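S.K.: the sequence isn't on hand, but the structure is:
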């Protein structure tokens, strides 16, 4: 065994021990089952705002009255005098010039606008416009600007608002730390502290739906603000940076795994192409979306010509293709593709295409988009389908050298089913 092979095996053994340790933890506490991550909504401002607003709403579906709002108003906003009568909590509240404030809390004596930024950039004059709009209301005191780390808005957003400078700094070296009429608050401290206070309430800790949603939101925000306690990735990282040799090995493993992913993509498309070629008289079209030309990236796949949308091959006629494709998330889909581009899908044109294709394609529940006349996932269960972008258990099983290729057998049956929607498919069978 060479010197580098020894270090590689040593590194893999250590990583495997860490992996097994955390898998046991995950099985015991279910901490990986986070609805925000599963639904890929952990960075979507509108979704996060909707959950926060629902908790703040005294009439929210949590049915806990204004207890969450009271902790928020006093603990996060620092407001001691607040009128809790006739409170309303709104999201995406519209103001002038088509602007919308993310969260708005109103009562008879108070109005609290909250602008939320997770990864989105500031708009031009955004905070200034919000401030000026609400400043016309006698109930308004300040605009709250909520970000991951509690940063102040940019000058681009604050515009003509009066800046607040660092204290006890030479004039020329001073930097802006805020703006008059705007208070910066953070997910990292203020919101997480508020949620943790809510979850500790005696009445809440025993209500599992509310407790679990708040707990998962806390975990999500801790991931976004780099506050999670030691996890598998940080322990693996600590092992890798122990020695220069481990760093080199990790790089080599990363490169090799990239090739494994490419090989797996080639394997699935090659074998599905072989099946289609053996079973049907279809002509494969090697266009720019072919998986090899796309270098195995998103939206790459294999395409077969079925005919034309219109009976006569007139100018600008649309092709009708059967296509198998890897989407942007790494999963495979298949269906009938017309090549209709974004912006070309006028109601009249879509109606004309439907009129032409409906007799040809007997599809029970059509799922369409601009270019796809109909598409389906190979399997609706994500855990049963290999993910070629973010590898899952099904991918690892598929990529193994001695893989039984159950997924491929199921995929062949799915191809037969979808092609069976085509009225002339019997004529195309070998």
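M.R.: Nice, thanks for sending it over. Since we're looking at a predicted model, the values are computed, not measured.
S.K.: strands of the chain, start to end?
M.R.: 88-94, 100-106, 111-117, 143-147, 163-165, 176-179, 182-186, 283-285, 301-308, 319-326, 332-337, 372-377 (DSSP state E).
S.K.: parallel or antiparallel, which strands does the last one pair with?
M.R.: In the sheet containing strand 372-377, the strands it pairs with under DSSP bridges are strand 332-337 (antiparallel).
S.K.: and the strand it pairs with, how far out from the chain's middle?
M.R.: 22 Å (CA atoms, centre = their mean, to the nearest Å).
S.K.: that one - what's its average pLDDT?
M.R.: The average of the pLDDT scores along strand 332-337 is 90.
S.K.: now do that strand: everything it contacts.
M.R.: Under the criterion CB atoms under 8 Å, 6 or more residues apart in numbering, residues 268, 303, 306, 320-327, 357, 361, 367, 371-378, 385-386, 388, 411, 414-415, 418, 421-422 lie in contact with strand 332-337. For the C-beta atoms, the positions are set from N, CA and C on the backbone; glycine is no exception.
S.K.: likewise for stretch 115-132?
M.R.: Outside stretch 115-132, the residues touching it (CB under 8 Å, 6+ apart) are 43-45, 48-49, 95-97, 99, 101-103, 113, 143-148, 153-154, 156-161, 179, 181-182, 187, 224.
S.K.: in space, what's closest to residue 241 - neighbours in sequence excluded?
M.R.: residue 247 (6.5 Å; CB to CB, 6 or more residues apart in numbering).
S.K.: circling back to that earlier point, of the contacts of strand 332-337, select the buried ones using a PyMOL command.
M.R.: The buried subset of the contacts of strand 332-337, as determined by 16 or more other CB atoms under 10 Å, is captured in PyMOL by this line:
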select buried, resi 268+303+306+320+321+322+323+324+325+326+357+361+371+372+373+374+375+376+377+378+385+386+388+411+414+415+418+421+422
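S.K.: turn the strands of the chain into JSON lines, including distance to residue 258.
M.R.: Output for the strands of the chain, formatted as JSON lines (distance: least, CB to CB, whole Å):
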{"stretch": "strand 88-94", "distance to residue 258": "41"}
{"stretch": "strand 100-106", "distance to residue 258": "39"}
{"stretch": "strand 111-117", "distance to residue 258": "34"}
{"stretch": "strand 143-147", "distance to residue 258": "34"}
{"stretch": "strand 163-165", "distance to residue 258": "47"}
{"stretch": "strand 176-179", "distance to residue 258": "44"}
{"stretch": "strand 182-186", "distance to residue 258": "37"}
{"stretch": "strand 283-285", "distance to residue 258": "26"}
{"stretch": "strand 301-308", "distance to residue 258": "19"}
{"stretch": "strand 319-326", "distance to residue 258": "15"}
{"stretch": "strand 332-337", "distance to residue 258": "19"}
{"stretch": "strand 372-377", "distance to residue 258": "25"}
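S.K.: which one of the ones you listed lies nearest to residue 260?
M.R.: With CB to CB as the criterion, residue 260 lies closest to strand 319-326 of the strands of the chain, at 15.5 Å.
S.K.: point out where the chain drops to low pLDDT.
M.R.: Applying pLDDT under 70 to the chain flags residues 1-4, 22, 25-43, 168-174, 228-230, 310-317, 339-352, 370, 380-383, 402-404.
S.K.: quick one, what contacts residue 298?
M.R.: 326, 327, 328, 330, 389.
S.K.: now the residue nearest to residue 49 when sequence neighbours are not counted: how far from residue 207?
M.R.: Using CB to CB, 6+ apart and skipping residues adjacent in sequence, the residue nearest residue 49 is residue 102, 4.8 Å away. As defined by CB to CB, to the nearest Å, residue 102 lies at a distance of 27 Å from residue 207.
S.K.: domains of this protein?
M.R.: 45-224, 256-428 (automatic domain parsing).
S.K.: out of the strands of the chain, nearest to residue 235?
M.R.: strand 182-186 (27.1 Å).
S.K.: how far away from the center of its chain is the longest helix along the chain?
M.R.: If you go by DSSP state H, the chain has its longest helix at helix 244-279. Relative to its chain's centre, helix 244-279 lies at 24 Å (CA atoms, centre = their mean).
S.K.: okay, buried residues for that helix please.
M.R.: Neighbour-count burial for helix 244-279 [16+ other CB under 10 Å]: 246, 249, 250, 261, 264, 265, 268, 269, 272, 273, 275, 276.
S.K.: ok, which pair from those is furthest apart?
M.R.: It's 246 and 276 that sit farthest apart of the buried residues of helix 244-279, by CB to CB, at 44.8 Å.
S.K.: neighbours of residue 193, how many?
M.R.: Using other CB atoms under 10 Å, residue 193 is surrounded by 15 other residues.
S.K.: ignore what I typed, I meant residue 281.
M.R.: Neighbours of residue 281 using other CB under 10 Å come to 10.
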